[in-house]
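[1] Requesting a structural model of the entry that follows:
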Amino acid sequence: MAVGVLYVDDEINNLNSFKAAFRRDFNIYTASSAVEGRRILDGNEIGVIITDQRMPVTTGIEFLESVLQTNPDTIRILLTGFSDINAVIDAINRGQVYKYLVKPWQNDELRIHIQNAIEIYNLRKENKELTYKLQIANMELETLSKAFR
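    Sure thing, here's the model as predicted:
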């Protein structure tokens with residue numbers, strides 16, 4: 001199964017538009033709150049999280065910051081209808097955001113950003129797997145080396 005893209009926004013019309021625009025290209029999940037977004041993250045492999053900044057209860061930055069520990073390799077994109085320099089700074093510093101985009105999004109532009117983010121996610125995942133295999137090979141080599149001393 002392809003890696004998932006999670007879009008979190010409190011506006012149902014935005015969720016429906018996003019899903020309609022990108023469902024043919026990506027494995028799309030949508031959530032109308034941070035709590036619902038966390039449930040989706042817990043049960044699925046999500047490579048990209050896109051979230052609105054201004055939501056009730058939890059802002060997009062707070063949501064992205066809250067999932068850093070459990071999903072450190074997931075690529076994070078903040079999408080907002082407001083250009084607020086403090087939100088940009090917080091997104092970069094606290095939420096480790098890959099991209100900060102302004103609503104309304106352009107489908108072609110957002111599609112390219114999602115594709116790039118998925119590539120980065122897959123490369124990180126592959127890099128971790130190769131690093132793990134290398135560590136195993138090094139331990140086996142160390143064991144063999146000790147046996148021949």
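[2] contacts, neighbours, all on C-alpha from now
    OK.
[3] Can you give me the neighbour number for residue 26?
    17 (other Cα atoms under 10 Å).
[4] If I follow the layout properly, it ends up in contact with residue 5?
    Yes: in this structure residue 26 lies within contact range of residue 5 using Cα atoms under 8 Å: 6.9 Å.
[5] Which residue ranges of this structure form strands?
    Using DSSP state E, the strands of the chain run over 4-8, 27-31, 46-52, 75-80, 99-102.
[6] buried sites along the last one?
    In this case it means strand 99-102. 99, 100, 101 (16 or more other Cα atoms under 10 Å).
[7] I figured the second one hits residue 76, correct?
    It refers to residue 100. No: Residue 100 is beyond contact range of residue 76, at 9.0 Å (criterion: Cα under 8 Å).
[8] Now residue 81: closest residue in space that isn't a chain neighbour?
    Of all residues not flanking residue 81 in the chain, residue 103 sits nearest, at 4.4 Å (Cα to Cα, 6 or more residues apart in numbering).
[9] what's that neighbour sitting at in phi/psi?
    Per-residue torsions, residue 103: phi -80, psi 150 (degrees, to the nearest 10).
[10] Check it and give its pLDDT.
    You'll see residue 103 listed with a pLDDT of 84.
[11] Longest helix in this structure, please.
    For the chain, the helix with the greatest residue count under DSSP state H is helix 107-147.
[12] can you list the weak-confidence ranges in the protein?
    Scanning the chain for pLDDT under 70 picks out the ranges 1, 82-91, 93-95.
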